[in-house]
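1. quick check, what structure comes out for this input:
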Amino acid sequence: MHLWQPPIIFAAAFAAGMVNSVAGGGTLISFPTLVWLGRNPILADATNAVALWPGSFAGMVGFRRELKGSRRWFLLLIAPSLVGGVFGAILLLHTPSKSFSKVVPYLILLATLILATQELITRRLYREANAGGKPSRHGTIGAVLFQFLVGVYGGYFGAGMGILMLAALGLLGLTDIHQMNGVKNFLAFSINGIASVYFIASGAVLWTDAILMMIAATLGGYSGAGLARRVGRPAVRYFVVTVGLVMTLSMLVFRR
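-> Okay, here's the model as predicted:
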């Protein structure tokens, strides 16, 4: 690692931690940074997942009061989340690096579009949940299958999966947006955790980068959240969406 790289990695992870604490989408800053610094995209993805995983725990703890009364949703969605997360992680490490490099810009674009439409998705799900009452049997089965696919995506790449999980919870008829966020953070913590265990066991983590990013993301999540909140969630989201679009365009134009 060149001496000029650690400060860049630290700054990117700090920004990712700050963004995740307020609006989500921090991976769209930290992961492309690792790729642009010359890291193997698959190892960069695995390292990023492990490095930012503590932030998922912090998010879960932050919504611990809203988790009360959510046991039935945990029991229903934890299995597809874990199975999907493992499947996605295995799929990532069995994807040829050349193939993954080609699909990376489109993954970043997909996550960027998901983040850009977050508020619209959340408002619509909230209205439908309030009007829909109890979920049907087909709706429940659909939510479980959809959550499995979200788990696969989370283990494979992960950026924006929290927004997708709100869709699964909407299918189940949840109406309290704070409870939905609490359940979402718990499931994200589970998916990231099981994928991280597999990445670590497979030796796919660049530990020099990961440790530095863990420290930076933690500091960003705590000390940077105040600044981000003063700026506001919409401004943070617009910034991340802009970064995601720029990264997508640059990776498509300047392929290695």
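2. name the nearest residue to residue 86, ignoring sequence neighbours.
-> On the basis of Cβ to Cβ, 6 or more residues apart in numbering, the spatially nearest residue to residue 86 that is not a chain neighbour turns out to be residue 194, at 5.5 Å. Heads up, the C-betas are built off the backbone N, CA and C, glycines and all.
3. ok, residue 58 next?
-> Spatial nearest neighbour of residue 58, chain neighbours left out: residue 221 (5.9 Å); criterion: Cβ to Cβ, 6+ apart.
4. same thing with residue 189?
-> Spatial nearest neighbour of residue 189, excluding adjacent residues (Cβ to Cβ, 6+ apart): residue 56 at 4.1 Å.
5. so how far is residue 166 from that neighbour?
-> Separation of residue 56 from residue 166 (Cβ to Cβ, to the nearest Å): 16 Å.
6. for residue 244, what are its contacts?
-> Neighbour list for residue 244: 25, 28, 108, 109, 111, 112, 115 [criterion: Cβ atoms under 8 Å, 6 or more residues apart in numbering].
7. assign a three-state SS to the first one, would you?
-> Which is residue 25. Taken by DSSP: H, G, I helix; E, B strand; the rest coil, the conformation at residue 25 corresponds to coil.
8. count of neighbours near it?
-> Close neighbours of residue 25, defined as other Cβ atoms under 10 Å, add up to 27.
9. ok, it - contacts?
-> Contact analysis of residue 25 by Cβ under 8 Å, 6+ apart lists 19, 111, 112, 115, 159, 160, 237, 240, 241, 244.
10. equivalent analysis for residue 82, please.
-> Residues near residue 82 by Cβ under 8 Å, 6+ apart: 151, 190, 191, 194.
11. what's the closest of those to residue 89?
-> Nearest to residue 89 among those: residue 194, at 7.3 Å, using Cβ to Cβ.
12. any idea which helix or strand comes after the least confident helix or strand in the chain by mean pLDDT?
-> Per-element confidence for the chain was summarised using mean pLDDT, DSSP states H and E. The lowest value among helices and strands belongs to helix 118-132, with a mean of 61. Scanning forward in sequence from helix 118-132, with DSSP states H and E defining helices and strands, the next element found is helix 137-156.
13. distance between the helix or strand hosting residue 213 and the chain's centre?
-> In this structure, residue 213 is located in helix 207-223 according to DSSP H and E. Distance, stretch centre to chain centre, for helix 207-223: 16 Å (Cα atoms, centre = their mean, to the nearest Å).
14. which other helices and strands contact that helix?
-> helix 5-22, helix 27-36, helix 41-62 (3 or more Cβ pairs under 8 Å, 6 or more residues apart in numbering; DSSP states H and E).
15. that helix: which residues count as buried?
-> Applying a neighbour-count criterion of 16 or more other Cβ atoms under 10 Å, one finds 209, 210, 212, 213, 214, 215, 216, 217, 218, 220, 221 buried in helix 207-223.
16. ok, now which ones touch the first one?
-> So the one you mean is residue 209. Contact analysis of residue 209 by Cβ under 8 Å, 6+ apart lists 1, 9, 34, 39, 47, 51.
17. again with the third one
-> By Cβ under 8 Å, 6+ apart, the contact set of residue 212 is 6, 9, 10, 13.
18. circling back to that earlier point, need the helices and strands packed on helix 207-223 in JSON lines (columns: mean pLDDT).
-> Output for the helices and strands packed on helix 207-223, formatted as JSON lines (pLDDT from 0 to 100):
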{"stretch": "helix 5-22", "mean pLDDT": "86"}
{"stretch": "helix 27-36", "mean pLDDT": "88"}
{"stretch": "helix 41-62", "mean pLDDT": "83"}
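19. sec struct for the residue nearest the centre of the chain, please.
-> Taking Cα atoms, centre = their mean, the centroid of the chain lies closest to residue 159, which sits 3.8 Å from it. Three-state call for residue 159 (three-state DSSP): coil.
20. wait, it touches residue 30, no?
-> No - with contacts defined as Cβ atoms under 8 Å, residue 159 does not count as touching residue 30, sitting 9.7 Å away.
21. for residue 91, helix, strand, or coil?
-> Three-state assignment for residue 91 (three-state DSSP): helix.
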